[in-house]
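Visitor: Quick one: sequence plus predicted model below, questions after.
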Amino acid sequence: MSTSRFSPQQLPRLEHPDGSPIRALVVDDEPSLAELVGMGTRMLGWDVTVAHEGQEAVRQARVITPDVLVLDWMLPGIEGPEVLRRVRAFLPDVPALFLTAKDTVDDRIEGLAAGGDDYVTKPFSLEEVLLRLHRLVQRSGAATADEAELVIGDLTLNTDSREVSRGGDSIQLTATEFDLLRYLMENARRVVSKPQILDAVWNYDFGGQANIVELYVSYLRKKIDVDREPMIHTVRGAGYVLKPASA
């Protein structure tokens, strides 16, 4: 498992509209892995139930009505894809993330074809699993969240208070630096070109003066990435991309 300065508490808290916690069902026949993922999801503020074999997982799903499933592919009794099929018979919209040691492209396709919404191979980064689960629950519509806050890895930006922090350290930005960082975070993991940035941040064409983007990206890097693993990357000939430090 990889480690980083990421903390689950840095993600916007998700909960049901009535304020009750998100329910996760974690299924893995390796108790240490199940407990690791369970611990991480509890740190998100979720209620977590752990099971170690397929039939037990189906029984638990009927009892707790989970909002998200974490399923090992290879399970005693019935395997992960069959667990998902049986659970979807009475919870048709529940999202599921598969954990598996199978890591070829064909295996990934098989996992998604089996109904999985996402797929993570072992050994995995707990950070990655938690981020993916958080995203699955957000997309499912089961939860509400503080939409004013953007969180990528250990970088947090609040659009209401205009506060920015990385790894818990407050970062002071100018208005333009803030708008640039917000655009990069809203498009995290996606390469954005200099013209796209000019249009989004400055709202008009600088007449070919794309170097203004280079200048402000340089300013931002000195504040966001200094003495840390970089998050803002140059993609030669294409633009820039912001992604978690460990990605």
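Guide: Everything's here; your move. Keep in mind that this is a model prediction, so the values were computed, not measured. Residues are numbered from 1 along each chain as shown.

Visitor: Next SSE downstream of the helix or strand bottoming out on mean pLDDT in the chain?
Guide: Comparing helices and strands within the chain by mean pLDDT, DSSP states H and E singles out helix 105-113 as the least confident, with a mean of 65. Per DSSP states H and E, helix 105-113 leads on to strand 118-121 as the next helix or strand towards the C-terminus.

Visitor: So which elements touch that next one?
Guide: strand 96-100, helix 105-113, helix 126-140 (3 or more CB pairs under 8 Å, 6 or more residues apart in numbering; DSSP states H and E). For glycine as for every other residue, the C-beta is placed from the backbone atoms N, C-alpha and C.

Visitor: residues in contact with V120?
Guide: 97-100, 128-129, 132 (CB atoms under 8 Å, 6 or more residues apart in numbering).

Visitor: okay, and for the protein, where does confidence drop off?
Guide: 1-11, 102-112, 143-148, 203-210, 246-247 (pLDDT under 70).

Visitor: per the record, what domains does it have?
Guide: What the TED database lists as the domains of the chain is 14-140, 149-242.

Visitor: just these: most buried one?
Guide: domain 14-140 (a mean of 18; mean count of other CB atoms under 10 Å).

Visitor: gap between the most centrally placed residue in the chain and L36?
Guide: Note on the chain: the residue nearest the mean C-alpha position is L131, at 2.4 Å, using CA atoms, centre = their mean. Counting by CB to CB, to the nearest Å, the gap from L131 to L36 is 15 Å.

Visitor: again, but for V137
Guide: 19 Å.

Visitor: just the helices in the protein please.
Guide: Using DSSP state H, the helices of the chain run over residues 31-43, 54-64, 80-90, 105-113, 126-140, 175-186, 194-197, 211-224.

Visitor: Could you dump these into TSV and include distance to A238?
Guide: Below are the helices of the chain laid out as TSV (distance: least, CB to CB, whole Å):
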stretch	distance to A238
helix 31-43	34
helix 54-64	43
helix 80-90	37
helix 105-113	24
helix 126-140	24
helix 175-186	14
helix 194-197	9
helix 211-224	13
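
Visitor: and D72, which of these is closest to it?
Guide: helix 80-90 (5.7 Å; CB to CB).

Visitor: Report the separation between the nearest residue to V164 once chain neighbours are set aside and L180.
Guide: Nearest non-adjacent residue to V164, counting by CB to CB, 6 or more residues apart in numbering: I171, 4.5 Å away. Distance from I171 to L180, counting by CB to CB: 13 Å.

Visitor: End to end on stretch 183-192, go ahead and measure it.
Guide: 9 Å (CA to CA, to the nearest Å).

Visitor: distance between that stretch and the chain's centre?
Guide: 14 Å (CA atoms, centre = their mean, to the nearest Å).

Visitor: Please tell me how far the closest residue to V213 other than its chain neighbours sits from G239.
Guide: Distances taken as CB to CB, 6+ apart put K194 closest to V213, at 4.5 Å, once the chain neighbours are dropped. The gap separating K194 from G239 is 6 Å, by CB to CB.
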